[in-house]
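**Student:** pasting a predicted model and its sequence here:
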Amino acid sequence: MRDEIDPDYDVTTPLDLDYYGVFADVPDADRAWWTRARDFSAELEERMTGHWEKGEYPVDLVRRAGAQGLLTDGVEVDGLEANLHTLSPLAAGLVNMETSRTDGSLGTALAVQGGLALRTLAMFGSPEQKEQHLADLATARTLGSFALTEPTHGSDSVSLETTAQLVGDESSGHYVLNGAKKWIGNGASGGITFTWARVAGGSHDGQVRCFLVDQETRGYRAEVIEGKASLRAIHQAVIEYRDVELPANAVLPGSHTFKDTSKVLFATRLGVAWSAVGHAAAVVEAALSYSTQRHQFSKPLAGFQQVQERLTWMTSELTSMQLHVRKVTELDAAGRLSGPQASMAKYHNTRKARAIAQVARDMLGGNGILLKNKVARHMADIEAIHTYEGTESVQSLIIGRDLTGVSAFA
């Protein structure tokens, strides 16, 4: 009876809208990873809608993605296990895009685990730390988090206040962590947290270094943030460190200054730009599909001039986003991508995704606010990717400094 008076619309089937054929020449090896991500995501739409609505974090899906090698985000993992391979920058971007097309929370979970936690260990960890944790992070047998942002220091992360007091000498002594972090994905998962703190004492006095913290360590307290309107199907935490005692070998020896945090964030900003393409593709294709199925005034919405103009505008913006990520990923693969260029990709793509989602939501009318029709969920989740890994304002200051040679940071 309900189907007769309130029909369902198929707005979740991917259409692979690629007007310029930006991805038409993707190499077979990279396309195979894209296909694997598509197959992984294919049956998850209804489930992720439910998790998003209830604010549940489906950790089992993160582990399933890890078992399929989808978490590595271009980090070097060859030789760790038979099913783990190092993805090219293009393959990593396509996996990020495809996962985000299905659900932003799931895309963010993969980015936290691989792009932040795994990358931090791979870049700065000791051989012993890598031997113990790298494979488990790559497969999500252990959940990992990256703790930089603090309750009172978001964009101003260089002023972080979390401290690591050295007690004794640097080889045989220990560190005591005190402070707090906020918005930390997987921070209350029971796994490990890569914590950035300012050292007090020793040869690195005053410098920011990274510490590997087991979340079961005494004094580590984490609470899941409730009441989010975005990325509801991944848990972020507020963390408090109360006299957390760590051995000297808990420090990642390759981390020396705050600048090392930017090396991780530099790589993940490109991932956020790819994620924005996935979100935007999902809502454009939802609007296009809806316009051919929904009838008003005795004809499909697609038959109205204003609707066709909106679809054209959204497709042109999506095409621009696709061109951005393909070009900067080529630069990355060639070792020629700069930090400001990565910032430009994130700045451009998250802004475009926000605007596209607003128009797509309007095109679906009242049906646009239903979670099952996808657009409202993506619209909310885009707000988060627009902010994390550096706000729009911070990205513009990075780009502006590069353009002018003058820093406008306070």
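**Tutor:** Yep, that arrived.
**Student:** can you give me the helices in the stretch 151-300 of the chain?
**Tutor:** 259-293 (DSSP state H, counting those that start in this stretch).
**Student:** so which residues of it form strands?
**Tutor:** Counting by DSSP state E, counting those that start in this stretch, the stretch 151-300 of the chain has strands at residues 163-167, 174-185, 192-200, 208-214, 220-224, 236-247, 295-296, 299-300.
**Student:** so for Asp30, which of those sits nearest?
**Tutor:** Asp30 sits nearest to strand 174-185 of all the strands of the stretch 151-300 of the chain, at 26.2 Å, using C-beta to C-beta. All C-beta spots, glycine's among them, are computed from the backbone N, C-alpha and C.
**Student:** give me the mean pLDDT for that closest one.
**Tutor:** In this model, strand 174-185 has a mean pLDDT of 97.
**Student:** now it, how far from the centre of its chain.
**Tutor:** On the basis of C-alpha atoms, centre = their mean, to the nearest Å, strand 174-185 sits 21 Å off its chain's mean C-alpha point.
**Student:** show me which parts of that strand are buried, residue by residue.
**Tutor:** Using 16 or more other C-beta atoms under 10 Å as the test for burial, strand 174-185 gives Tyr175, Val176, Leu177, Asn178, Gly179, Ala180, Lys181, Lys182, Trp183, Ile184, Gly185.
**Student:** got the angle between it and strand 192-200?
**Tutor:** Angle, strand 174-185 to strand 192-200, by axes from the mean of the first three to the mean of the last three C-alpha atoms, to 10 degrees: 130 degrees.
**Student:** dump strand 174-185 to PDB, restricted to CA.
**Tutor:** C-alpha atoms of strand 174-185 as PDB (Å, rounded to 0.1, in the frame of the first residue of the first chain):
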ATOM      1  CA  HIS A 174      60.500   7.800  31.200                       C
ATOM      2  CA  TYR A 175      58.000  10.500  30.200                       C
ATOM      3  CA  VAL A 176      54.900  11.700  32.000                       C
ATOM      4  CA  LEU A 177      52.100  13.000  29.800                       C
ATOM      5  CA  ASN A 178      49.500  15.600  30.900                       C
ATOM      6  CA  GLY A 179      47.000  17.500  28.800                       C
ATOM      7  CA  ALA A 180      43.900  17.000  26.600                       C
ATOM      8  CA  LYS A 181      42.900  16.300  23.000                       C
ATOM      9  CA  LYS A 182      39.600  16.700  21.200                       C
ATOM     10  CA  TRP A 183      38.000  15.400  18.000                       C
ATOM     11  CA  ILE A 184      40.200  12.300  17.900                       C
ATOM     12  CA  GLY A 185      38.900   9.600  15.700                       C
END
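**Student:** quick one: low-confidence parts of this protein?
**Tutor:** 1-4, 154-157, 410 (pLDDT under 70).
**Student:** and the helix or strand Thr329 falls within, what does it pack against?
**Tutor:** Here Thr329 is covered by helix 305-333, with elements defined by DSSP states H and E. Counting contacts by 3 or more C-beta pairs under 8 Å, 6 or more residues apart in numbering; DSSP states H and E, helix 305-333 is packed against helix 89-102, helix 259-293, helix 339-363.
**Student:** so which of the ones you listed comes closest to Asp169?
**Tutor:** The nearest among these, by C-beta to C-beta, is helix 259-293 at 22.6 Å.
**Student:** now for the closest one, which elements pack on it?
**Tutor:** Helix 259-293 is packed against helix 89-102, helix 104-110, helix 119-124, strand 208-214, strand 299-300, helix 305-333, helix 339-363, helix 375-387, with contacts defined by 3+ C-beta pairs under 8 Å, 6+ apart.
**Student:** okay, buried residues for it please.
**Tutor:** Buried residues in helix 259-293 (16+ other C-beta under 10 Å): 260-262, 264-291.
**Student:** again, but for stretch 33-51
**Tutor:** Trp33, Trp34, Arg36, Ala37, Arg38, Phe40, Ser41, Leu44, Arg47, Met48, Thr49, His51.
**Student:** with stretch 52-72 instead?
**Tutor:** Counting neighbours by 16+ other C-beta under 10 Å, stretch 52-72 gives 52, 55-59, 61-63, 65-72 as buried.
**Student:** shouldn't Asp393 be within a helix?
**Tutor:** To be clear, residue 393 is Ser; Asp isn't right here. Yes. Assessed with DSSP: H, G, I helix; E, B strand; the rest coil, Ser393 lies in a helix.
**Student:** now it: how far from Lys182?
**Tutor:** Distance from Ser393 to Lys182, counting by C-beta to C-beta, to the nearest Å: 19 Å.
**Student:** same question for Gly271.
**Tutor:** Distance check for Gly271 against Lys182: by C-beta to C-beta, it reads 21 Å.
**Student:** how about Ser41?
**Tutor:** Distance of Ser41 to Lys182, given as C-beta to C-beta: 29 Å.
**Student:** ditto for Ala82
**Tutor:** Ala82 sits 38 Å away from Lys182 when distances are taken as C-beta to C-beta.
**Student:** ok, Lys130 next?
**Tutor:** Counting by C-beta to C-beta, the gap between Lys130 and Lys182 amounts to 28 Å.
**Student:** ok, Arg101 next?
**Tutor:** 28 Å.
**Student:** and Arg198, by the same measure?
**Tutor:** Arg198 sits 17 Å away from Lys182, going by C-beta to C-beta.
**Student:** kindly report the same for Ala287.
**Tutor:** 35 Å.
**Student:** ok, now Val251?
**Tutor:** Distance from Val251 to Lys182, by C-beta to C-beta: 22 Å.
**Student:** and this structure, what are its domains?
**Tutor:** The chain breaks down by automatic domain parsing into domains covering 2-138, 144-250, 259-404.
**Student:** residues of stretch 201-213 that come out buried?
**Tutor:** Applying a neighbour-count criterion of 16+ other C-beta under 10 Å, one finds Gly201, Gly202, His204, Gln207, Val208, Arg209, Cys210, Phe211, Leu212, Val213 buried in stretch 201-213.
**Student:** also stretch 215-229?
**Tutor:** So stretch 215-229, judged by 16+ other C-beta under 10 Å, has buried residues Gln215, Tyr220, Ala222, Lys228.
**Student:** farthest pair within those?
**Tutor:** Spanning the widest gap among the buried residues of stretch 215-229 are Tyr220 and Lys228, at 22.2 Å by C-beta to C-beta.
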